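S.K.: Generate a structure from the sequence data that follows.
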Amino acid sequence: MKKQNKYIQLIIILSASALLGFSVIQFYWLRKSFQEKKSNLENTIGLCTNDISHEILEYVLNKKQPSLEKWRNSIIDPSFELFSPKEYELFIKDSLNLLLEECENQSIKFKKQRLKSVFQRFFPFDFSLHIEEQISNNKIAEIVKNNLIKHDLNFPYHYSLSNTKGNILFRNFENNDNNEVNNELSFSTNLTLDHEYSFTLFIKDETSFILDSLKYIFFISIFLLLIVIGTFLFTIKIIFNQKRNSEIKTDFINNMTHELKTPISTIGLASEALLDKDLLKNEKTKNKFINTIIDENKRLSSLVENVLQSAVSEKQNLELKLELFSIDQIIEKAIKNYQLQLKKTKINISTNLNALNKLVEVDKFHITNVIQNLIDNAIKYSDNSPVIKIETQDVIGGVIIRVIDNGIGIAKENHMRIFEKLFRVPTGNIHNVKGFGLGLSYVKSILDLHNGTIKVESNIGKGSTFIVFLKSSKIE
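M.R.: Model (predicted):
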């Protein structure tokens, strides 16, 4: 048994370790997915912010100085001849002439690069002024909305366009929302090279957006994790149930060996004694051995009957022979079976049958066995002279039968388990209590078939009260 327990503990430890490792890996994977999604989202928002800024600037430049559109495109379009003689005379200023004089000995390619550099320095200076006069807030809102849709970004947002002095020129929030905006994630970009204007996009509930995009992955991962945990716990429960059942069966075999061996040995010894011719001459001694054989035979029959009753109660197709009987008559018949035992021992059984609604529709044979099993139980679990009291009481819909004893009592943690098959209140390897742990299991099964109930009220050292409920007959 100890070796088996070690194997069970090893299995539990290994399984728990594997489950913990799986959970850690799952958590790490989900966390990494969240971080990657967050990083990708921030990159996308950054690109979106740049696109918005470029579109705003392009709109302003096109509106402010459309005549220079051709010049602006020439920087991008390599097919445009920057040094076309006709256009050279139009846009080259004195400063550029000085520059050309300094660079006339250089190659054409170098001249192009230098002129582009100069042009890029002067280009933002010419077109970065008075943006607030060239565009409306509605147009900015339209540009922002279109770019968010283009980048597949759907979440609450705010934006602002401000100058170098910190003055907000355009925004889609009120002054009293500043505190809320300050707590939001912001992405800023400059509209011009001289940083005269900057555009800022404020993102609200970034985490909620990421979680929403990952919700199916999260749900599936958590669902699978719960299945694994549930399977693990269910497996552990089965292992412990099997272990408990194994212990109960072992205890049953030990008790059965003890219970059956004692009367068999007694009968064997008494039978051998009766073979002694000298002993047979003493009539009193002979009768004593004969009575011993009879008593032990009854005890064996009772033990076998308990096993048979348990087997019968497990049959799902057990047919009850339901008839109308007075519950008082059934109780009195059950007590009558103990008359001989009452005369020989110090057992005291009293009744207080107060129920007026006495008729019940039951199988008389099995319900009588139920009462007898409860009386047997009260006798077995009494240290001193058993005092048993049987009461009946009317309740709504039926009648209650109470079997009260002054026995050793039952611990609260065993109140439900005593009705399990083969379960006996733990006493170690000391078999000082008769029975196989089948009686109360049989009682519960029979009452279930009658749509009745049974429960116990007991404390250690204070006796037990078994409460049986049976439905009353509709015929009075």
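
S.K.: List of residues touching the helix or strand encompassing residue 360?
M.R.: Per DSSP states H and E: residue 360 is located in strand 359-363. For strand 359-363, the surrounding residues in contact (C-beta atoms under 8 Å, 6 or more residues apart in numbering) are 320-327, 330, 367, 398-399, 446, 450, 470-473, 475-476. All C-beta spots, glycine's among them, are computed from the backbone N, C-alpha and C.

S.K.: likewise stretch 277-290?
M.R.: Residues outside stretch 277-290 that contact it (C-beta under 8 Å, 6+ apart): 270, 273, 274.

S.K.: The helix of greatest length in the chain - what's its average pLDDT?
M.R.: With secondary structure taken from DSSP state H, the chain has its longest helix at helix 2-64. For helix 2-64, mean pLDDT rounds to 82.

S.K.: what distance separates it from the centre of its chain?
M.R.: Centroid separation for helix 2-64 versus its chain: 24 Å, with C-alpha atoms, centre = their mean, to the nearest Å.

S.K.: Give the other helices and strands that it contacts.
M.R.: The contact analysis (3 or more C-beta pairs under 8 Å, 6 or more residues apart in numbering; DSSP states H and E) places helix 2-64 against helix 108-127, helix 137-150, strand 185-190, strand 197-203, helix 206-213, helix 215-274.

S.K.: Out of these, which gets the lowest mean score?
M.R.: Mean pLDDT, when computed for each of the helices and strands packed on helix 2-64, is lowest for helix 108-127, at a mean of 54.

S.K.: Next, count neighbours for residue 204.
M.R.: For residue 204, the neighbour count with other C-beta atoms under 10 Å is 15.

S.K.: distance of the residue lying closest to it once chain neighbours are set aside from residue 172?
M.R.: Distances taken as C-beta to C-beta, 6 or more residues apart in numbering put residue 156 closest to residue 204, at 4.1 Å, once the chain neighbours are dropped. In this view, residue 156 and residue 172 are 11 Å apart by C-beta to C-beta, to the nearest Å.

S.K.: quick one on the thing from earlier: mean neighbour count, the helices and strands packed on helix 2-64: which tops it?
M.R.: Comparing the helices and strands packed on helix 2-64 by mean neighbour count (mean count of other C-beta atoms under 10 Å), strand 197-203 ranks first with a mean of 21.

S.K.: Against which helices or strands is that strand packed?
M.R.: Checked by 3+ C-beta pairs under 8 Å, 6+ apart, strand 197-203 has helix 2-64, strand 157-163, strand 185-190 packed alongside it.

S.K.: Output that strand as CSV - backbone C-alpha positions only.
M.R.: Only the C-alpha atoms of strand 197-203 are listed here, as CSV (Å, rounded to 0.1, in the frame of the first residue of the first chain):
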residue,chain,number,x,y,z
TYR,A,197,4.0,73.1,-36.7
SER,A,198,3.4,69.7,-35.2
PHE,A,199,0.5,67.2,-35.3
THR,A,200,-0.3,64.9,-32.4
LEU,A,201,-2.7,61.9,-32.4
PHE,A,202,-3.9,60.8,-29.0
ILE,A,203,-5.0,57.1,-28.7
